[in-house]
Every structure is written in structure tokens, then in C-alpha cells.
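[1] The following comprises the amino acid sequence and a computationally predicted model.
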Amino acid sequence: MKTTHTFLKPVLATLLLAATAQAEYLADTDPVTAGNQPGSVYYPIGLGGAYKTEGWEKLTSTLYPGNGSFPGWSAWVGALASQVDTDAGSSGLAKVANGVGGGPYPSSASIYFGGTGILPNLFGGTLETQTSGSSVVPGLRTVIFHLDIGEAWTYDLYSGAAPVLYMTTSSGTTTIPATHASRYAKVYNGQVWMNGKYEDLYINSRAYQFNIGSLGTITSFTVRFSGAQHAQIHGAGLEQSSQAYTTNELPAHVP
């Protein structure tokens, strides 16, 4: 394995978006106001049937104080409640595990997977959304999870592993992998020197569709994922529907 030395070039505010209204992380969230104001904006896809939608747009220490600082060892005071859309506050985003030499915590601009490692794709820690009780759509059949996550050494999710859905019923817990996945938008975020050349870095808008099938009465569910050390989460979103889908409802993937 080659040792990687990192030298970040200055970030150019270049916006690379797919031709879709679903992009979440934007280089400028308010074009009317002078100067770029980057950030995450939650645009749900919209599903049929009984439906709930909620999002997290600003995952910062200002909005969620008391959840630790660098390198991220501290336990969080609680799950971070969703902030926007019709069902804001129904679900939370919680820390499950720390990583190698640190862990995730809300920093000044995003949730940062902290640590002092200088190698790519180190385990940065694990987070999950948490939804239970009346916050679960009755007869739930489809879940869509959105994630705006910035790369470190070209990795965002640890080892590129997709989030996993865990459904709990009176019979126990069922693990459901993503049925469909899409990286539907990306924003250029500078370059990193690794293995003898410069590599581009992006903040990626990703979405995952989980087709559930018939599991009986669902009492709670989580969407769990792990980040690479030094990756950053700028926003997230969660959609639930009682309608079963046989087609991919996600925005088109961009290379």
C-alpha cells in the first residue's frame, strides 16, 4: 500500500449539477444575495400513498450544541432532530459508533468525521436515522434516504458501502439493503495530492431507495451508514410511503 501525502489546493467554487431539480448540496443557496452561500437544501422526491417527509439542512454545532469537538470522541447529548419539511422533528440523526482516532460530531459547518489519520478510507464512525412509534408511516413499503456528504481523499462513505435499513417489528429486526442508489449531483470541492497526482474532490448528493415488502406492523426503523475519516455531512433527508414501488424513483445517477 502506498503512503499518501495530502496537499489541498484552494477550493474553486465550481458547481457541477445534474439536470434535475433534486440536487441538495448547492454551491450557492441564495443567488440573489451577493457572494456564494454554499449549503444543503432538502428537495424531497415526493411519493404516493400515506407519506412523510423531513430533512436536515444545517448540521452544525450552532444548531446542535454540546455534541463534542475535535477529534470527536464525545457522546452526543441526543439524536439531532430533523429541521425542515412537513414532518420535521419526527426522526433524529444519532451517533452509533466512533471511528479510528476520533468520531463524528457537529462542527461549525457540517458533521465532521474527526480524527488525525493521514491515510485514505480510514473508518470515521457510524451514524443512523431513528424513527419510531407514530412517526412511522402505517403500512410502510418504501423508504428513501438522502445524504449530502463531502469526500476526503476521494472517499465519502467508508469503503463506499451504501446505507442499510433496519426494520423492527414484533417478530424482530430485518436488515434490508438498498434496492436502488444514485449519486445524482456533485459540487467540486478542490483537489488532493495522492499517489503521485492531483485528484478532484466532490461534495456528493446521494439517494437510496429501500423497497420493503410486507413485514407486518413496523414499530421502528433506522438507516445506518459509516463515513470515511475527514468526510463531512452537510445535509440529509428521509421519505416514507405506504406505496410499494417496483421502479427506481431516484433522480438519474451522474458519473
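    Received it, and whenever you're ready, just let me know what you need.

[2] State the three-state secondary structure for the residue lying closest to Tyr198 once chain neighbours are set aside.
    Leaving aside its sequence neighbours, Tyr198 sits nearest to Gln191 (C-beta to C-beta, 6 or more residues apart in numbering; 4.5 Å). From N, CA and C alone the C-beta is placed, and that goes for glycine too. Classification of Gln191 using DSSP: H, G, I helix; E, B strand; the rest coil returns strand.

[3] just checking, Gln191 touches Tyr202?
    No: Gln191 is not in contact with Tyr202 according to C-beta atoms under 8 Å; the separation is 10.5 Å.

[4] wait, Ser91 sits on Ser134?
    No: counting by C-beta under 8 Å, Ser91 stays clear of Ser134, with 11.6 Å between them.

[5] Gly101: neighbour count?
    Here the count is done by other C-beta atoms under 10 Å, and Gly101 has 16 residues near it.

[6] Pretty sure it sits against Pro71.
    Yes: using C-beta under 8 Å, Gly101 is in contact with Pro71, at 6.2 Å.

[7] hey, what's in contact with both of those two?
    Gly115, Thr116 (C-beta atoms under 8 Å, 6 or more residues apart in numbering).

[8] So Ser91 and Ser134 - more neighbours on which side?
    Remark: of Ser91 and Ser134, Ser91 carries more neighbours, 27 against 7, as counted by other C-beta under 10 Å.

[9] which residues does that one contact?
    Here Ser91 is in contact with Glu54, Ala79, Ala81, Ser82, Thr129, Gln130, Thr131, Ser135, Leu238 (C-beta under 8 Å, 6+ apart).

[10] What is the least confident helix or strand in the chain?
    In the chain, the helix or strand scored least confidently by mean pLDDT, DSSP states H and E is strand 15-16, which has a mean of 30.

[11] The helix or strand containing Gly125 - which strands sit beside it in the sheet, and in what orientation?
    Per DSSP states H and E, Gly125 falls inside strand 123-132. Counting by DSSP bridges, the strands paired with strand 123-132 are strand 92-98 (antiparallel), strand 218-228 (antiparallel).

[12] Strands of the stretch 1-150 of the chain, start to end?
    For the stretch 1-150 of the chain, the strands defined by DSSP state E, counting those that start in this stretch cover 15-16, 25-26, 39-40, 51-56, 80-81, 92-98, 104-106, 111-113, 123-132, 142-150.

[13] Out of those strands, which one sits most buried?
    strand 111-113 (a mean of 30; mean count of other C-beta atoms under 10 Å).
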